[in-house]
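Undergrad: Attaching a predicted model along with its sequence, questions to come.
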Amino acid sequence: MWKPWVNFILGLWLLLTGIIFASLFNSIVAIIIGVVVAVLAFWAGKWQGIVVGIVGIWTIVSGLWAGVQEPINFILIGIVIAILSLIQALMKPKAAPAEPKE
């Protein structure tokens with residue numbers, strides 16, 4: 001249950017960095033990624049985890065882009081988001097405990 005919280009916090013971090021730092025490319029990319037990650041972090045569906053994983057990979061690629069001024073921020077956060085969300089998407093849901101029969 002901690003993985004969605006980490007992704008949510010990282011999404012908020014990217015959203016705030018996009019708002020605080022005034023570089024146009026960094027701001028737009030960080031705000032879009034931050035909103036997508038923060039909104040989809042707690043949805044337990046498989047496709048949401050895959051979408052957030054793809055967004056994490058997009059974050060890594062954005063960090064490697066020459067126009068990004070703080071590439072380490074994008075690369076590290078993208079790696080964590082991609083790994084956690086893809087693990088969450090590929091994990092089998094836990095079965096509910098069986099009700100005792102009377």
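TA: Arrived safely.
Undergrad: Is residue 42 in a helix, a strand, or coil?
TA: Taken by DSSP: H, G, I helix; E, B strand; the rest coil, the conformation at residue 42 corresponds to coil.
Undergrad: Could you pull up the residues touching it?
TA: 4, 8 (C-beta atoms under 8 Å, 6 or more residues apart in numbering). For every residue, glycine as well, the C-beta is placed using N, CA and C.
Undergrad: how about 6 Å then?
TA: Contacts for residue 42 (C-beta atoms under 6 Å, 6 or more residues apart in numbering) come out as residue 4.
Undergrad: Then residue 34?
TA: Residues near residue 34 by C-beta under 6 Å, 6+ apart: 11, 14, 15.
Undergrad: tell me which element it is part of?
TA: helix 24-40 (DSSP states H and E).
Undergrad: C-terminal to that helix, which secondary structure element comes first?
TA: Counting by DSSP H and E, the next helix or strand C-terminal to helix 24-40 is helix 46-64.
Undergrad: Show me which residues of that next one are buried.
TA: For helix 46-64, burial by neighbour count (16 or more other C-beta atoms under 10 Å) applies to 48-53, 55-60, 62-63.
Undergrad: Kindly export the lowest-mean-pLDDT helix or strand in the chain (C-alpha atoms) in CSV.
TA: Across the helices and strands of the chain, mean pLDDT, DSSP states H and E gives its lowest value to helix 24-40, namely a mean of 78. The C-alpha trace of helix 24-40 is given here as CSV (Å, rounded to 0.1, in the frame of the first residue of the first chain):
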residue,chain,number,x,y,z
LEU,A,24,8.9,26.8,-19.9
PHE,A,25,9.7,23.2,-21.1
ASN,A,26,10.4,22.0,-17.5
SER,A,27,7.2,23.6,-16.2
ILE,A,28,4.9,22.2,-18.8
VAL,A,29,6.3,18.6,-18.7
ALA,A,30,6.6,18.6,-14.9
ILE,A,31,3.0,19.9,-14.4
ILE,A,32,1.5,17.4,-16.9
ILE,A,33,3.5,14.5,-15.4
GLY,A,34,2.7,15.5,-11.8
VAL,A,35,-1.0,15.7,-12.4
VAL,A,36,-1.2,12.4,-14.2
VAL,A,37,0.9,10.6,-11.6
ALA,A,38,-0.9,12.2,-8.6
VAL,A,39,-4.4,11.5,-10.0
LEU,A,40,-3.7,7.9,-11.1
